[in-house]
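Colleague: sequence and predicted model, in that order:
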Amino acid sequence: MDTPESLPALLAEHAELERRLADPSVHADQGLARRLGRRYAELSQIAEAARVLEATQGDLATARELAGEDSSFAAEATALAEQELAQQQKLRELLLPRDPNDGKDVILQVKAGEGGDESALFAGDLLRMYLRYAERQGWKTEVLDSEQSDLGGYKDVTVAVRGKADAGVWRKLKYEGGVHRVQRVPATESQGRIHTSAAGVLVLPEAEDVDVQIDPNDLRIDVYRSSGPGGQSVNTTDSAVRITHVPTGTVVSMQNEKSQLQNREAGLRVLRSRLLALAQEEADKEASDARRSQVRTVDRSERVRTYNFAENRISDHRVGFKAYNLDQVLDGSLDDVIAALEKADTDALLAGAS
């Protein structure tokens, strides 16, 4: 697998980024400043861990020297030795090969699956869960497009999620991609029987212009009137936009905004992210088994999680995570399940590096 990056080289890059970010001319290009800021925030964690480790090692050397003259320092030396090991482990984890998209923002789509109205209601529950989680993290969200069902759920909804440079939006949300299954008594069930239905979640790193260059000549853009639940028209003008990227056949439709221009811009944001994902999937096919293992939890085809209302239980099938606080999870308390998935990835990477 990829070897951990050189600490001296990363510290040198951190210092150079600090110098560049202090230059006012860099901030004239907001896209460049944002990219540099994300990388700087990522490297700052490594620089701080290295600083703490160096300070701990210095204190440990002093405590051991003093313990040779005064036994009362022995306990302090033992405690510092334990801190040194813990800090070495933390730095080792930070130096593991990283997903290059970890600092990116996210385009998240929730789509109702089998189960009709119940599936659409569950998709609405998932949307609320992600919006509440984003709110707790201090992230900003923007609904780019949505298609509501007759009962108030969502047949399909797309949201942009953005955070500060060190927020790790993709790093946390990338695990959500896949099929989510719900087991509960639907609002439409008169006999009180438990039904199983599902919704799909697609998570894409939001691409910037520098990531994906789109030739306008490769696009076919069609306009039409927006429609609401039941298919009725909700607009008297052709404001909805369908963008087709002819070379790949990728199609994006947007109708959430009242302006055709706004829908076009939102559609291009989603299209860039989908094209970036396609390019990365193609690259992954040519990568080593170890590299593919790093992205295994982002496999969107697998059934990733079950939400059992009768038992108030959430189960993540990839890592065997199980908890009985489903009500809290659906209110945005996703930290524990995401932490379990992050730990599984880190443990796998550490095992491969040893």
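Modeller: Yes, it's here.
Colleague: could you list the domains of this structure?
Modeller: 7-94, 106-347 (automatic domain parsing).
Colleague: any chance of TSV for the ones you listed, columns distance to Pro100?
Modeller: C-beta: built from backbone N, CA, C; applies to glycine. Listed next are the domains of the chain as TSV, based on distance: least, C-beta to C-beta, whole Å:
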stretch	distance to Pro100
domain 7-94	10
domain 106-347	9
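Colleague: can I get those domains in TSV including mean neighbour count and mean pLDDT?
Modeller: What follows is those, written out as TSV (neighbours: other C-beta atoms under 10 Å; pLDDT from 0 to 100):
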stretch	mean neighbour count	mean pLDDT
domain 7-94	14	90
domain 106-347	17	84
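Colleague: max-length strand in this protein?
Modeller: Identified as the longest strand of the chain according to DSSP state E is strand 195-205.
Colleague: what strands flank that strand, and is each parallel or antiparallel?
Modeller: Counting by DSSP bridges, the strands paired with strand 195-205 are strand 106-112 (antiparallel), strand 178-184 (antiparallel).
Colleague: between those, which one is nearest to Gln262?
Modeller: Closest approach to Gln262 among the strands paired with strand 195-205 (C-beta to C-beta): strand 106-112, 16.1 Å.
Colleague: contacts for the closest one, please.
Modeller: Strand 106-112 is contacted from outside by 119-120, 122-123, 126-127, 130, 144, 149, 153-162, 169-170, 173-174, 176, 199-206, 269-270, 273, using C-beta atoms under 8 Å, 6 or more residues apart in numbering.
Colleague: and the strand or helix carrying Trp170, how far out from the chain's middle?
Modeller: In this structure, Trp170 sits in helix 169-173 according to DSSP states H and E. In terms of C-alpha atoms, centre = their mean, to the nearest Å, the gap separating the centre of helix 169-173 from the centre of its chain is 2 Å.
Colleague: repeat for stretch 338-354
Modeller: Stretch 338-354 sits 16 Å away from the centroid of its parent chain (C-alpha atoms, centre = their mean).
Colleague: quick one, strands of the stretch 201-350 of the chain?
Modeller: 219-224, 240-245, 250-254, 303-308, 313-316, 321-323 (DSSP state E, counting those that start in this stretch).
Colleague: could those strands go into JSON lines alongside distance to Glu82?
Modeller: What follows is these, written out as JSON lines (distance: least, C-beta to C-beta, whole Å):
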{"stretch": "strand 219-224", "distance to Glu82": "59"}
{"stretch": "strand 240-245", "distance to Glu82": "55"}
{"stretch": "strand 250-254", "distance to Glu82": "53"}
{"stretch": "strand 303-308", "distance to Glu82": "36"}
{"stretch": "strand 313-316", "distance to Glu82": "32"}
{"stretch": "strand 321-323", "distance to Glu82": "29"}
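Colleague: this completes my enquiry, with thanks.
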